[in-house]
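Asks: okay, here's the prediction I keep looking at, along with the sequence it came from:
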Amino acid sequence: MVPGCRAAVSDAVTRLKLFVPLLAFAVLAPLLYWGLGRDPGAMPTALKGKPIPAFTLPSLTTPDAQLDQALFAGQVSLLNVWATWCPSCRIEHPYLMHLAEQGVPVFGLNYKDEGEPARRWLKDLGNPYREVIFDASGRLGLDLGVFGAPETYLVDSRGIVRARHVGVLDERVWQKEFAALYQSLQNPEER
Amino acid sequence: MLAEVGHFALILALCLAGIQAVLPLAGTYSRRRLWVAAARPLVSGQFVFVAISFVILALLFIGDDFSVSYVAANSNSQLPTHYKLSAVWGAHEGSLLLWSLVLAGWSLAVALCSRSLPVELVARILSVLACISVGFYLLLLLTSNPFERLLPIAPVDGGDLNPLLQDFGLIVHPPMLYMGYVGFSVPFAFAIAALLAGRMDSAWARWARPWTNAAWAFLTLGIALGSWWAYYELGWGGWWFWDPVENASFMPWLTGTALVHSLAVAEKRGLFRSWTLLLAILTFSLSLLGTFLVRSGILTSVHAFAADPTRGAFILIFLAMVVGGSLLLFALRGPVIYRQAAFAPISREAFLLANNVLLVSACGAVFVGTLYPLLADAMNWGKISVGPPYFNLMFVPLALTALLLMAPGSTLRWKQHAGALLQRPFMVLTVAAGVSSIIWLLWLGYEIHLVPVLAVALGLWVFLVSVWDVAQKTSSVRGRWVGIRRLRGSYYGMQLAHVGVAVAVIGVAMTSYYNEQKDLRLAPGESVVVGHYRFEFTGLEQVRGPNYIAHQGSFSISREGAPVALLQPEKRFYSVAGQVMTEAAIDAGLWRDLYVALGERLDDGASWTLRIYIKPFVRWIWLGALLMATGGCVAMLDKRYSKLAVSRNSVQAPSSEKLEVTAPEPRDGAGLPGRG
């Protein structure tokens, strides 16, 4: 009796184990379904708290000059990823001009773009950037984990990434995600 | 008119697939022979109609029929003919049609090459395959019809194929990859048929093995071609990016590799049965999941395909039915193992078990990394992107461990390895591999780091042990030639594939650690030294291609004064699509690739930004993959798998071979020919 019973129990347990893959899939499927309606938009970065990756890339505006990560030392700044092929960047552009007028240092990362049209863009729409890194191959973008243009990173005076916003930067986003952090990072600098 | 015929042929293929999904399966339950026998003709019919539909789409492309919106969006009258052909599968609709065609092709292959299998098993397998076909035909017809017209006003010319895809790589990469993806539908169908029948024995495993090997070989080639294409076409010099779409093809490869190994145990020793069934289901499910991830746009990727939530929803429902249904079937009917046959910790089974655990863990790591951004977002943990650092951290140790087990594992015997694991020649080879890897790296002038030394040493070790094992097993009193002929195709295939892995791993380690890269600006007439090579920018001219104009730079490269190569990278402007493409120029070599890509002309009008790479051993990655795929093919062609057919047709089949058909070999069949 008892051994038979034990065998039956262990049989049932083994049989239940066979349901594990089904259960795992049952958990996964709603996630995928939910993912369908999702906007793969704003993402904070895995680089948060880490320095900007090392790079040596030409400047868009003065192509003779080679820029590197030392660019970000000495001031709290924004790094804005943009390209002429990105319509949202055009929408974002006036707000960057506004920030630059307020005295916020903005650096540009011209991402997977062409030099000529990009320079024309700055000529036509105005140049909010202190300096534009020309990343035609998207290599630095890859290192940064850029999902797509536009994207903006808040970088402190030691060149460390503090925050990131994917998508158009506007007054609302600035107030919500960047303004307070920007102030607090700047104050110790003055002391 | 032609387009409507293609559309109609597709509908007919759907109808035939629908009948094929129901009739033969129903026949196996109601014992109607005619219904069961209908499976093969139905497959042929289905294949013919989907092939007609595919050929018509190709004809529409060649004939520049821009009233068909898919043609208009992806072709152009100036496009060279061979690219017009490859444009057929250059976007969503056409690539789905290719999927369906390949699936019908595999079904037909099963129908034709299964004369030796029980007729009911074949009927079940073909019905399962038809179920999958029905899903894809519906997806095509309901959400992504390639034959849709742009009426009443047809455009005068088309929008051109994405320039990135105008390349030899695109002609071959997707069909190869699909052959692999879809090929795993065959072991899947075998597994479902076994579950439906409630029988899964070593004969089943023997029948499923060549199909699995074939699909695996195609998938290996497909992934390697994709990586090679990305390397020379994207202009980044990278060969793997851990991009969601790449991961989508890599995950089924990992579980597929595990399946290849667990099938060996299931056939030889009758162990790991439910695990093998689960792996077969899992591998095909991951292929489908890959399709879903690529087509639905729920994960952002560098492969910017048109994402469409409707299609995504359709594929998800289909995925839920196929995966959920098969896992439910597995849960209800999966074999319950009361007693595990014993095997010692030092035996081939034990090492293959470890292999399976490692491969599935690696797949799990890639899976988590690929889907984590989605999960983190769903759980409100914030939005996170997972990059190569995570994948390298997770994947490299697992891969190295698997490699560590590979050399001893493949030389061991089944059940229990008699004698010490560490035989003396084996130890000698181990030490030799370790020492020679360091000497090799020093001789090449590289710095010594732990990971590349480890990877190169393990690679050399696997290679040496394979050679030693072959030499040992082919030694025969009647001479080497007899010994060589005595061993089986599956054994040679295994050793070849293992050497392929070793070669690929050496390539990956060398390229990743000793790659030299320089971004600079250079004007014609100037030169620069990178590594041992001097790159001289000798000139620049404008060239005109069929549908683009390009700046072509000329670089003559020399090493210590001796000329090595002339490279001509291009910057192309495709006038119709208005896109600019970088065509890198590569001097390929077994030991190193020299890679020059033109960046941007600078404002002074003369100088250009350039990217120069020296990539040591990068070819070894694809060479290794080629060896692996060849190994898969050699194993697939093992005579043992076609034995039933042979012994029925020919008199000269030795009687000892006939015996094996009924009784699974008890002995080390991969290592020694069964003569029991």
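Replies: Received, thanks.

Asks: residues near residue A:117, how many?
Replies: 12 (other CB atoms under 10 Å in any protein chain shown). C-beta here means a position set from N, CA and C on the backbone, and glycine is covered the same way.

Asks: residues in contact with the most centrally placed residue in chain B?
Replies: With distances taken as CA atoms, centre = their mean, the residue of chain B nearest its centroid is residue B:219 (1.9 Å). The neighbours of residue B:219, taking CB atoms under 8 Å, 6 or more residues apart in numbering or on different chains as the test, are B:177, B:179, B:180, B:181, B:183, B:184, B:249, B:252, B:253, B:256.

Asks: for the first one, what are phi and psi?
Replies: Pointing back at residue B:177 there. With angles defined as degrees, to the nearest 10, residue B:177 sits at phi -60, psi -40.

Asks: what of the last one?
Replies: With angles defined as degrees, to the nearest 10, residue B:256 sits at phi -60, psi -40.

Asks: anything in the lowest-mean-pLDDT helix or strand in chain A sitting right up against chain B?
Replies: When the helices and strands of chain A are scored by mean pLDDT, DSSP states H and E, helix A:2-17 comes last with a mean of 72. Yes. With CB under 8 Å from any CB of the partner chain as the criterion, chain B is reached by helix A:2-17 at A:7, A:11, A:14, A:15.

Asks: can you add neighbour count and give those back as TSV?
Replies: Shown next, in TSV, are these (neighbours: other CB atoms under 10 Å in any protein chain shown):
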residue	neighbour count
A:7	11
A:11	12
A:14	15
A:15	13
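
Asks: quick check, nearest of the residues you listed to residue B:535?
Replies: Set against residue B:535, the nearest of the residues of helix A:2-17 next to chain B by CB to CB is residue A:14 (65.2 Å).

Asks: look up how far residue B:194 lies from the closest one.
Replies: Distance of residue A:14 to residue B:194, computed by CB to CB, to the nearest Å: 18 Å.

Asks: any chance you could map the helices in chain A?
Replies: A:2-17, A:20-36, A:87-101, A:115-125, A:139-144, A:171-173, A:179-190 (DSSP state H).

Asks: out of those helices, which one sits most buried?
Replies: With neighbours defined as mean count of other CB atoms under 10 Å in any protein chain shown, those peak in mean count at helix A:139-144, which reaches a mean of 21.

Asks: show me what that helix is packed up against.
Replies: strand A:106-111 (3 or more CB pairs under 8 Å, 6 or more residues apart in numbering or on different chains; DSSP states H and E).

Asks: partners of the strand it packs on, with directions?
Replies: strand A:77-82 (parallel), strand A:131-135 (parallel) (DSSP bridges).

Asks: just the angle between it and helix A:115-125, please?
Replies: Angle, strand A:106-111 to helix A:115-125, by axes from the mean of the first three to the mean of the last three CA atoms, to 10 degrees: 140 degrees.

Asks: quick one: contacts for residue A:128?
Replies: A:93, A:96, A:97, A:99, A:100, A:106, A:108.

Asks: could the residues you listed go into TSV alongside pLDDT?
Replies: Listed next are the contacts of residue A:128 as TSV, based on pLDDT from 0 to 100:
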residue	pLDDT
A:93	86
A:96	91
A:97	90
A:99	90
A:100	89
A:106	93
A:108	93
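
Asks: those into a markdown table, with extra columns for distance to residue B:2?
Replies: Formatted as a markdown table, those follow (distance: CB to CB, whole Å):
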| residue | distance to residue B:2 |
| --- | --- |
| A:93 | 48 |
| A:96 | 52 |
| A:97 | 54 |
| A:99 | 57 |
| A:100 | 58 |
| A:106 | 56 |
| A:108 | 50 |
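
Asks: of all the residues you listed, which comes closest to chain B?
Replies: Of all the contacts of residue A:128, chain B sits closest to residue A:108, with 15.3 Å by CB to the nearest CB.

Asks: distance check, that closest one against residue A:130.
Replies: From residue A:108 to residue A:130 the distance is 8 Å (CB to CB).

Asks: of these two, who's got more company?
Replies: The residue with more neighbours, out of residue A:108 and residue A:130, is residue A:108; 27 against 15, by other CB under 10 Å.

Asks: who does that one bridge with?
Replies: Taking DSSP bridges as the rule, residue A:108 bridges to residue A:80, residue A:132.

Asks: OK, contacts around it?
Replies: Taking CB under 8 Å, 6+ apart, we find residue A:108 in contact with A:60, A:79, A:80, A:81, A:82, A:128, A:129, A:131, A:132, A:133.

Asks: got these as a markdown table, with distance to residue A:112 and pLDDT columns?
Replies: Converted to a markdown table, the contacts of residue A:108 look like this (distance: CB to CB, whole Å; pLDDT from 0 to 100):
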| residue | distance to residue A:112 | pLDDT |
| --- | --- | --- |
| A:60 | 13 | 89 |
| A:79 | 16 | 93 |
| A:80 | 15 | 92 |
| A:81 | 10 | 89 |
| A:82 | 11 | 88 |
| A:128 | 20 | 92 |
| A:129 | 17 | 93 |
| A:131 | 18 | 91 |
| A:132 | 14 | 93 |
| A:133 | 12 | 92 |
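
Asks: closest one of the residues you listed to chain B?
Replies: Distance to chain B across the contacts of residue A:108 (CB to the nearest CB) is lowest for residue A:60, with 9.0 Å.

Asks: correct me if wrong: the closest one contacts residue A:107.
Replies: No. Here residue A:60 does not reach residue A:107: they are 10.9 Å apart, not a contact under CB atoms under 8 Å.

Asks: need the residues touching each of those two.
Replies: Taking CB under 8 Å, 6+ apart as the criterion, residue A:60 and residue A:107 both touch A:132, A:133.

Asks: neighbour-wise, which of the two wins?
Replies: Higher neighbour count among residue A:60 and residue A:107: residue A:60, with 27 against 21, using other CB under 10 Å.

Asks: quick one, phi psi at that one?
Replies: Main-chain torsions, residue A:60, degrees, to the nearest 10: phi -70, psi -40.

Asks: ok, now residue A:54?
Replies: As for residue A:54, its main-chain torsions (degrees, to the nearest 10) stand at phi -70, psi 140.

Asks: distance of it from residue A:164?
Replies: Shown here: residue A:54 relative to residue A:164, a distance of 18 Å by CB to CB.

Asks: looking at the two, which one has more neighbours?
Replies: A count of neighbours by other CB under 10 Å puts residue A:164 above the other of residue A:54 and residue A:164, at 27 against 10.

Asks: does the more buried one touch residue A:154 like I think?
Replies: Yes. Counting by CB under 8 Å, residue A:154 is a contact partner of residue A:164 at 7.4 Å.

Asks: could you look up the SS state of residue B:155?
Replies: coil (DSSP: H, G, I helix; E, B strand; the rest coil).

Asks: so where do the strands sit in chain B?
Replies: Under the criterion DSSP state E, strands of chain B are mapped to B:516-522, B:527-530, B:533-544, B:548-559, B:562-567, B:570-574, B:579-583, B:585-587, B:592-601, B:608-616.

Asks: show me what the first one packs onto, helices and strands only.
Replies: Using 3+ CB pairs under 8 Å, 6+ apart as the contact definition, the elements that strand B:516-522 packs against are strand A:56-58, strand B:527-530, strand B:608-616.
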